[in-house]
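Trainee: A structural model of the following input is requested.
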Amino acid sequence: MDKNKATPTEIAILVLCIVAFVASMVVQSMYTARDTHWAGIVSQIEVLASIFMVTSNHKRGFIVACTLNALAGGSALMGVVMAHNPLAMPGVLIAIITVVMVTIVYLDKNNLASANDKLNASFQELMEKNQQIQAAEEQLRELAYSDALTGLNNRAWMRETMADKIQEGTRFAYIVMDMDNFKQINDTFGHQMGDTLIKTYATRFQKYCGEKYPCAKIGGDEFAMLVLGNVTQADVLNLVEQMRNLFGEVVNVNGQQFRITMSYGIAGSPNDGHNPDSIINAGDTALYNAKMQGKDRPVVYSPQSLS
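Mentor: Here you go, the predicted structure:
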């Protein structure tokens, strides 16, 4: 909206003020010479009309008010000079004083408008900076909770998620899995090939977990997931068997075929711990036992883990 364009309300106020001012000038010329007590009343009307012009129409009103007061002052001055009427002298002074007053009002209104513009600009700048800060915080959060290689959630995210579920009183099974003999692949084919394999399995893992199972890549070749709610050991072992079939499918990378197996460690909350670290340690212990027992298998931390 154009600030310089007058609204119908502003135009109406300006017209009414002009009419009131001109009418007062007419009354003053007709009666004040014979009845001086009208002079004060008429002068006040002119002053009020002038101020209303400036406050309602700003620059436009200021120009009109100054013009009308110049005419009124000039008319009064002519009465003093030409008609030798000293009673018209207050009209000259009042016109001058009124111009000074509306000038002060106009400048004050200008300063207020300028201050308001600066305040709005500062507020807008603050909002933009706040949005930038929020975006930066979100980016930092993503970096803090994301695995750089695969884009999956990382160990810190998994710990925080577990802490939230424990605080909520939600039971869950924690499954940690580790690729078997992955060091040999890195040593034989190089780390670039190893990274490609990890990304391939990470994609499969994330697709399998979807929105149902919170999952993360918690180490170099380690993944973990949560199964929320009251689940039995049989339910979790059945789920692990599905993942064994998923990860057991052959992967073709640059013409080289790989079939990777996984070892699985299983722990449960709250039976195996009341904080993320204790449950993660229980899962790592179960994973270690799975490795010691021949790999490519799940091991439950304790009989009561999921009871």
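Trainee: any chance you could map the helices in the stretch 201-307 of the chain?
Mentor: Assigned by DSSP state H, counting those that start in this stretch, the stretch 201-307 of the chain shows helices spanning 233-247, 276-292.
Trainee: with the stretch 1-150 of the chain instead?
Mentor: So, for the stretch 1-150 of the chain - with DSSP H, counting those that start in this stretch - the helices run 8-27, 37-81, 89-145.
Trainee: quick check, pLDDT for A12.
Mentor: Per-residue pLDDT puts A12 at 85.
Trainee: do the same with V81
Mentor: pLDDT at V81 comes out at 63.
Trainee: next one: F172
Mentor: So F172 comes in at 96 (pLDDT).
Trainee: show me what contacts it?
Mentor: Each residue near F172 by C-beta atoms under 8 Å, 6 or more residues apart in numbering is listed here: 162, 165, 226-229, 231, 268-269. Placement of C-beta: from N, CA and C, glycine included.
Trainee: dig out what it forms beta bridges with.
Mentor: In this structure, F172 bridges to L228, S269 when assessed by DSSP bridges.
Trainee: so how far is V105 from the closest residue to G61 other than its chain neighbours?
Mentor: Leaving aside its chain neighbours, G61 sits nearest to M53 (3.4 Å; criterion: C-beta to C-beta, 6 or more residues apart in numbering). M53 sits 10 Å away from V105, going by C-beta to C-beta, to the nearest Å.
Trainee: looking at those two, which is more packed in?
Mentor: Between M53 and V105, counting by other C-beta atoms under 10 Å, M53 is the more crowded of the two (29 against 19).
Trainee: that one touches N69, doesn't it?
Mentor: No. Between M53 and N69 no contact is recorded; they are 10.1 Å apart, counting by C-beta atoms under 8 Å.
Trainee: who touches both of those two?
Mentor: In contact with both M53 and N69: V102, using C-beta under 8 Å, 6+ apart.
Trainee: tell me how many other residues surround D284.
Mentor: That count, for D284 with other C-beta under 10 Å as the rule, works out to 19.
Trainee: one more: Q184?
Mentor: 10.
Trainee: swap in I185?
Mentor: Residues lying near I185 (other C-beta under 10 Å) number 19.
Trainee: for the one 10 residues further on, same thing?
Mentor: Taking other C-beta under 10 Å as the criterion, the count of residues near D195 is 14.
Trainee: cool, the one 3 residues further on as well?
Mentor: One way to gauge burial is a neighbour count; for I198, by other C-beta under 10 Å, it gives 25.
Trainee: now do the same contact list for it.
Mentor: Going by C-beta under 8 Å, 6+ apart, I198 touches 149-150, 179, 217, 220-221.
Trainee: and it, what element?
Mentor: Taking DSSP states H and E as the definition, one finds I198 inside helix 191-209.
Trainee: mind listing what's buried in that helix?
Mentor: 193-194, 196-198, 200-202, 205-206, 208-209 (16 or more other C-beta atoms under 10 Å).
Trainee: how about stretch 212-219?
Mentor: Quick answer for stretch 212-219 (16+ other C-beta under 10 Å): 213-218.
Trainee: hang on, the earlier thing: any idea which of the helices of the stretch 1-150 of the chain scores lowest on pLDDT?
Mentor: helix 37-81 (a mean of 77).
Trainee: helices or strands up against that one?
Mentor: helix 8-27, helix 89-145 (3 or more C-beta pairs under 8 Å, 6 or more residues apart in numbering; DSSP states H and E).
Trainee: could you dump the ones you listed into a markdown table and include distance to S263?
Mentor: Converted to a markdown table, these look like this (distance: least, C-beta to C-beta, whole Å):
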| stretch | distance to S263 |
| --- | --- |
| helix 8-27 | 80 |
| helix 89-145 | 26 |
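Trainee: winner for burial among the ones you listed?
Mentor: Most buried of the helices and strands packed on helix 37-81 by mean neighbour count (mean count of other C-beta atoms under 10 Å) is helix 8-27; its value is a mean of 16.
Trainee: thinking again about what came up before, could the helices of the stretch 201-307 of the chain go into TSV alongside distance to S263 and mean pLDDT?
Mentor: Output for these, formatted as TSV (distance: least, C-beta to C-beta, whole Å; pLDDT from 0 to 100):
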stretch	distance to S263	mean pLDDT
helix 233-247	10	92
helix 276-292	4	95
